[in-house]
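K.L.:
next comes the sequence, and after it the predicted model I'd like to discuss.
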Amino acid sequence: MAVSGTLRAWGLGSNGQLGNGGTQTSTVPVKVKLPLGTKITSVRAGCFHTLALTSTGQVLAWGSNASGELGDGTTHFRATPVKVHLPAGTTIKAIRAGCFHSLALTSTGQVLAWGLNTDGQLGNGTTTDSHKPVPVSLPTGTTVKAISAGEAHSLALTSTGQVLAWGFNAVGQLGNGSTTDSDTPVPVALPTGTAVAGIAAGGLHSLALTSTGQVLAWGFGLQGELGNGTTNNNSDTPVMVTLPPGTTVRQLSAGCEHSLAVTSTGQVLAWGFNADGELGNGSTDDSDVPVMATLPQGTTATAVSAGCNHSLALTGDGRVLAWGRNDDGELGNGSTTSSDVPVQVNLPASVTPVATGAGPEANVSFAIVQKTAA
């Protein structure tokens with residue numbers, strides 16, 4: 001069963017994306033003003049909006065809404081959470097936020113999308129924005145088990161271990177061997193025999209975790225986002241990330257131009273753009289192959305979440321670590337100084353984090369927390 005709790009937010013708040021009723025940026029976690037009695041199981045942030053999944057399978061949204069990315073039928077800005085107008089009887093089990101579009105996976109394995117659609121990122125066969133959820137035009141008989149949203153493209157993992165993609169494709173982020181946008185889902189050209197267990201969409205690149213714990217990448221690669229030892233080209237089909245020998249990956253996340261992975265031993269690997277220290281290895285040099293983030297001695301990670309130029313990790317001992325860009329306080333340590341090694345987020349001692357959330361275009365961070373036992 002998914003863990004649930006209340007929300008803390010920190011970082012950029014100029015469009016109300018912290019959900020605390022204001023538009024101020026915060027360098028330390030603040031409470032999101034959830035409806036009374038609401039418990040959250042997942043949270044994701046776009047460029048200037050935020051989505052949260054409740055324990056009852058409904059979706060809340062707040063922040064900027066110029067393209068309808070809040071899904072409440074309007075284009076009104078919201079500084080506190082409002083309900084997304086889901087079709088009657090719909091239960092949601094996963095959410096993802098792109099820059100100005102939103103995705104939701106239903107309990108029946110279908111996908112809903114709303115918000116900006118200029119590049120076909122809603123996947124409904126049009127390029128018309130939608131202010132409320134519309135069904136993605138999946139191939140007949142397709143059941144989806146995971147979703148991910150990049151800047152203006154979307155990914156879906158099917159029940160058969162294949163990957164579908166739609167939306168913006170100028171640098172090959174759909175992975176179908178072309179650079180032509182698609183307003184309906186197209187199959188990613190996975191290597192023959194590959195089964196995928198997880199997906200992550202970055203700003204202009206995409207990642208897939210295979211059933212054997214290896215990683216594939218495609219799309220933009222000029223800062224090393226593909227992790228295959230090159231920085232001079234993009235790829236419109238998946239290439240293998242060069243993991244350290246013997247490494248098995250269990251979870252992925254992708255930022256604007258960097259990528260994160262949690263290994264089976266609880267270490268964090270990172271690759272790509274690193275000007276703000278988002279790789280967490282004590283340098284600001286980009287890396288075109290995975291490098292180890294410098295976690296505090298004895299610390300293991302259970303999950304990672306990548307923002308645009310910052311990174312978050314939930315640790316096995318119940319802390320949240322953050323590193324990278326901090327101009328808007330997205331590291332949550334009370335400062336606006338970027339860090340090229342992980343620092344601890346200043347959550348109050350009265351709560352225990354159970355999950356983190358950001359998004360590939362986000363300059364804001366979230367933690368789902370529970371009250372600490374007395």
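P.N.:
That came through, no problem.
K.L.:
model confidence score at residue 1, please.
P.N.:
Note on residue 1: pLDDT of 54.
K.L.:
scratch that, residue 182 is what I was asking about
P.N.:
98.
K.L.:
so what's it closest to, chain neighbours aside?
P.N.:
residue 166 (5.0 Å; Cβ to Cβ, 6 or more residues apart in numbering). Yep, even glycine has a C-beta here, placed from its N, CA and C like the rest.
K.L.:
could you name the helices and strands sitting against the one helix or strand the one you found maps to?
P.N.:
Here residue 166, judged by DSSP states H and E, is contained in strand 163-167. With contacts defined as 3 or more Cβ pairs under 8 Å, 6 or more residues apart in numbering; DSSP states H and E, strand 163-167 has these neighbours: strand 153-158, strand 182-187.
K.L.:
now stretch 55-64: buried residues?
P.N.:
58, 59, 60, 61, 62, 63, 64 (16 or more other Cβ atoms under 10 Å).
K.L.:
that older thread, kindly reformat the helices and strands packed on strand 163-167 as TSV containing mean neighbour count.
P.N.:
Converted to TSV, these look like this (neighbours: other Cβ atoms under 10 Å):
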stretch	mean neighbour count
strand 153-158	27
strand 182-187	19
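K.L.:
quick one: which of these is nearest residue 282?
P.N.:
Comparing these against residue 282 with Cβ to Cβ, the closest turns out to be strand 153-158 (31.6 Å).
K.L.:
distance between that closest one and the chain's centre?
P.N.:
Mean C-alpha position of strand 153-158 versus that of the full chain (Cα atoms, centre = their mean, to the nearest Å) differs by 12 Å.
K.L.:
returning to that earlier point: next up, the contacts around the residue nearest to residue 182.
P.N.:
120, 121, 123, 136, 153, 154, 174, 182, 183, 184, 185, 186 (Cβ atoms under 8 Å, 6 or more residues apart in numbering).
K.L.:
recalculate using a threshold of 10 Å.
P.N.:
Contact analysis of residue 166 by Cβ atoms under 10 Å, 6 or more residues apart in numbering lists 111, 113, 119-125, 136-138, 153-156, 174, 176, 181-186.
K.L.:
what do you get for residue 187?
P.N.:
139, 158, 162, 163, 164, 165, 174, 175, 176.
K.L.:
report the two of these separated the most.
P.N.:
It's 139 and 175 that sit farthest apart of those, by Cβ to Cβ, at 16.1 Å.
K.L.:
the more surrounded of those two?
P.N.:
residue 175 (29 against 12; other Cβ atoms under 10 Å).
K.L.:
dump the residue contacts of the more buried one.
P.N.:
Counted by Cβ under 10 Å, 6+ apart, residue 175 has contacts 153, 155, 163-165, 169, 186-190, 205-206, 208, 216-219, 235-239.
K.L.:
return the backbone torsion pair for it.
P.N.:
When read as degrees, to the nearest 10, the backbone of residue 175 gives phi 70, psi 20.
K.L.:
how close does it get to residue 125?
P.N.:
20 Å (Cβ to Cβ, to the nearest Å).
K.L.:
ok, and the closest non-adjacent residue to residue 10?
P.N.:
residue 332 (4.1 Å).
K.L.:
tally up the residues packed near that neighbour, please.
P.N.:
Neighbours around residue 332, by other Cβ under 10 Å: 30.
K.L.:
could you do residue 110 as well?
P.N.:
Residues lying near residue 110 (other Cβ under 10 Å) number 17.
K.L.:
is it correct that it is in contact with residue 104?
P.N.:
Yes - the criterion here is Cβ atoms under 10 Å, and residue 110 meets it with residue 104 at 9.4 Å.
K.L.:
overlap of the contact sets of those two?
P.N.:
With Cβ under 10 Å, 6+ apart, residue 110 and residue 104 have common neighbours 90, 136.
K.L.:
show me the helices in the stretch 201-350 of the chain, by range?
P.N.:
Under the criterion DSSP state H, counting those that start in this stretch, the stretch 201-350 of the chain contains no helices.
K.L.:
how about the strands in it?
P.N.:
Using DSSP state E, counting those that start in this stretch, the strands of the stretch 201-350 of the chain run over 205-210, 215-219, 235-240, 249-254, 258-263, 268-272, 287-292, 301-306, 310-315, 320-324, 339-344.
K.L.:
of all the ones you listed, which lies closest to residue 23?
P.N.:
strand 310-315 (20.3 Å).
K.L.:
just the buried residues of stretch 55-64 now: which is nearest residue 364?
P.N.:
Distances from residue 364 to those, taken by Cβ to Cβ, are shortest for residue 63, at 8.7 Å.
K.L.:
partner residues bridging the closest one?
P.N.:
residue 49, residue 78 (DSSP bridges).
K.L.:
these two touch, right, it and residue 51?
P.N.:
Yes - if you go by Cβ under 10 Å, residue 63 and residue 51 touch, sitting 9.2 Å apart.
K.L.:
spit out the residues that contact these two alike.
P.N.:
With Cβ under 10 Å, 6+ apart, residue 63 and residue 51 have common neighbours 45, 69, 70, 81, 97.
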